[in-house]
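Novice: structural data only, the sequence is not supplied:
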């Protein structure tokens with residue numbers, strides 16, 4: 001059974017940095033594309049950044065330069081590093097998996113095979 005468990009969210013101030021983790025189990029992690037999505041109150045879920053099985057990365061224009069991601073296949077873990085946080089980054093952050101053939105669609109929620117339960121990030125002074 002596939003499990004994706006996010007952690008690391010919380011209340012932070014504008015300009016802070018935050019590191020989210022996603023620990024996976026129940027599937028062959030190294031063969032999948034892993035991505036981060038977020039959903040702000042009243043808005044649709046949006047893809048922010050993803051990483052392929054060979055380390056290929058795609059990110060949304062709105063987060064380039066501030067969001068980065070890395071994966072540790074040995075630990076089945078995905079990390080999202082967020083720098084210079086803004087109030088607009090407030091959202092529930094989800095990790096998701098895609099089969100490798102959907103690498104070019106990894107910011108599109110329609111191609112997600114499985115979701116984590118999410119972790120709340122609130123950016124406020």
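Specialist: Cool, got the structure. Since the model is a prediction, treat every value here as computed from it, not as a measurement. Numbering: from 1, shown residues only.

Novice: so who does the spatially most central residue of the chain touch?
Specialist: By C-alpha atoms, centre = their mean, the chain has its centre lying nearest to residue 36, at 1.9 Å. Counting by C-beta atoms under 8 Å, 6 or more residues apart in numbering, residue 36 touches 20, 22, 47-50, 67, 69, 78, 80, 93-96. C-beta coordinates here come from the backbone N, C-alpha and C atoms, glycine included.

Novice: go with 7 Å
Specialist: Contacts were defined as C-beta atoms under 7 Å, 6 or more residues apart in numbering; by that measure residue 36 touches 48-50, 69, 80, 93, 95.

Novice: residue 37 now?
Specialist: Contacts for residue 37 (C-beta under 7 Å, 6+ apart) come out as 45-48, 94, 96, 109.

Novice: the lowest-mean-pLDDT helix or strand in the chain pairs with which strands?
Specialist: None of the helices or strands of the chain scores lower by mean pLDDT, DSSP states H and E than strand 57-59, at a mean of 94. Take DSSP bridges as the rule and strand 57-59 pairs in its sheet with strand 46-51 (antiparallel).

Novice: which residues sit against the partner strand?
Specialist: 33-38, 57-60, 63, 67, 69, 71, 80, 106-109.

Novice: what is the burial count for the closest residue in space to residue 47 that isn't next to it in sequence?
Specialist: Spatial nearest neighbour of residue 47, excluding adjacent residues (C-beta to C-beta, 6 or more residues apart in numbering): residue 107 at 3.1 Å. Around residue 107 there are 18 other residues, counting by other C-beta atoms under 10 Å.

Novice: quick one: residues contacting residue 107.
Specialist: Shown in contact with residue 107 (C-beta under 7 Å, 6+ apart): 35, 47, 50, 58, 60.

Novice: in a markdown table: these, plus neighbour count.
Specialist: Compiled in a markdown table, those are given as follows (neighbours: other C-beta atoms under 10 Å):
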| residue | neighbour count |
| --- | --- |
| 35 | 31 |
| 47 | 22 |
| 50 | 27 |
| 58 | 18 |
| 60 | 16 |
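
Novice: of all the residues you listed, which comes closest to residue 14?
Specialist: residue 60 (19.7 Å; C-beta to C-beta).

Novice: that'll do, ta.
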